[in-house]
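1. heads up, no residue letters with this:
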């Protein structure tokens, strides 16, 4: 009923899991990942405990195979499970229980493992492996490419409903939320992979936005502009991006460009005037000498 991939990016060390299923909310059960430790997919007649058990064992120094074997030993019905594990060192392990519904199987490669059950074709998991190996780009994009290849070969024999993707950093995290690059879920959709791919792009845009904000706070408006331009290239209508972009323009001394972007923002949504006033009052926007902020806001509001 599910196909998934666990993988490690050899260049960045990132670890990730991506999955698609014809069941509601597959992202709640199947994907597990921990920064600097590993990634796990648990499916078929899924037992969620494989996720934390395998990750805990990997964190304690077990290999991928040792972690999976230890988790299986605690399972009263391993013949019904299908699990894939990739460790931070790139090693992998997988098993497909004999009671998993056909077509079912798994495949391992350098730094990844794919698994699928209840598929329309036995070509699904080999296609996933081939697609991941040949794909280029960030790990999240390569994981999605593997899922798309699975669907192209028929995918889940019952259709499609949900998908999820988790990517974490290659270094151990010191705080619970630290090191999470992507944590995306499509709970119920007629085209879950299309929506998952869209969410990856949106998430990448917001990552650029966050880097832009960090650059502004660090006093580097030129870097901020580059990052915010990249964010706007993906989501050209996002108002948060435009607001930060206007701020970066102000910090760069491009006052008229900043005012033009701000006027357009306020004209489109007048409530931005309240936010802008607050930023100015708190000294978070560098107001050039002689600039009458209230006059500019009134001008924009008359255009709304």
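-> Yep, it's here. Everything numeric in this text was worked out from a predicted model, so none of it was measured. Numbers count the residues shown, from 1 in each chain.
2. Pick out the residue nearest the middle of this structure.
-> Within the chain, one residue has its C-alpha closest to the average C-alpha position: by Cα atoms, centre = their mean, that is residue 182, at 2.5 Å.
3. Strands of the stretch 101-250 of the chain, residue ranges please.
-> Shown for the stretch 101-250 of the chain, the strands assigned by DSSP state E, counting those that start in this stretch span residues 105-109, 112-117, 162-168, 180-186.
4. tell me the most buried of those?
-> Mean neighbour counts were taken over the strands of the stretch 101-250 of the chain using mean count of other Cβ atoms under 10 Å, and the top value, a mean of 30, falls to strand 112-117. Quick note: C-beta positions are derived from backbone N, CA and C, even for glycine.
5. Does anything pack onto it? Which helices or strands?
-> In terms of contacts (3 or more Cβ pairs under 8 Å, 6 or more residues apart in numbering; DSSP states H and E), strand 112-117 is packed against strand 2-8, strand 38-44, strand 81-87, strand 92-96, strand 105-109, helix 124-134.
6. Count the neighbours of the closest residue to residue 81 other than its chain neighbours for me.
-> Distances taken as Cβ to Cβ, 6 or more residues apart in numbering place residue 97 nearest to residue 81, at 5.0 Å, with adjacent residues excluded. Here the count is done by other Cβ atoms under 10 Å, and residue 97 has 18 residues near it.
7. check contacts around residue 97.
-> Contact criterion Cβ atoms under 8 Å, 6 or more residues apart in numbering gives 44, 78, 79, 80, 81, 82 as the residues in contact with residue 97.
8. a markdown table please, covering these and showing neighbour count, pLDDT and distance to residue 222.
-> Written out in a markdown table, the entries for these read as follows (neighbours: other Cβ atoms under 10 Å; pLDDT from 0 to 100; distance: Cβ to Cβ, whole Å):
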| residue | neighbour count | pLDDT | distance to residue 222 |
| --- | --- | --- | --- |
| 44 | 23 | 96 | 52 |
| 78 | 18 | 97 | 56 |
| 79 | 14 | 97 | 59 |
| 80 | 16 | 97 | 57 |
| 81 | 22 | 98 | 52 |
| 82 | 31 | 98 | 50 |
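9. Show me how this structure divides into domains.
-> Domain assignment for the chain by automatic domain parsing gives 2-190, 206-302.
10. Can you flag the weakest of the ones you listed by average pLDDT?
-> Among the domains of the chain, domain 206-302 carries the lowest mean pLDDT, at a mean of 91.
11. Report the contact partners of the residue nearest to the centre of the chain.
-> Residues 16, 140, 165, 166, 167, 200, 203 are the ones in contact with residue 182 under the rule Cβ under 8 Å, 6+ apart.
12. For the first one, what are phi and psi?
-> Residue 16 adopts backbone torsions of phi -150, psi 160, taken as degrees, to the nearest 10.
13. Does it touch residue 139 like I think?
-> Yes - taking Cβ atoms under 8 Å as the contact criterion, residue 16 and residue 139 are neighbours in contact, 5.1 Å apart.
14. Please identify which of these two sits among more neighbours.
-> Set residue 16 next to residue 139 and count neighbours by other Cβ under 10 Å: residue 139 wins out with 28 against 25.
15. need the contact list for the closest residue to the more buried one other than its chain neighbours.
-> The shortest distance from residue 139 to any residue other than its chain neighbours is 4.1 Å, reached at residue 9 (Cβ to Cβ, 6+ apart). The neighbours of residue 9, taking Cβ under 8 Å, 6+ apart as the test, are 15, 16, 111, 138, 139, 142, 170.
16. go again using 10 Å as the cut-off
-> Neighbouring residues of residue 9 by Cβ atoms under 10 Å, 6 or more residues apart in numbering: 15, 16, 90, 111, 112, 138, 139, 140, 142, 143, 167, 170.
17. same thing with residue 286?
-> Neighbours of residue 286 in contact, by Cβ under 10 Å, 6+ apart: 221, 247, 250, 251, 252, 253, 255, 258, 280.
18. Pull out the buried members of those residues.
-> 221, 247, 250, 251, 258, 280 (16 or more other Cβ atoms under 10 Å).
19. From those residues, which land in helices?
-> Secondary structure defined by DSSP state H assigns 221, 247, 250, 251, 258, 280 of these to helices.
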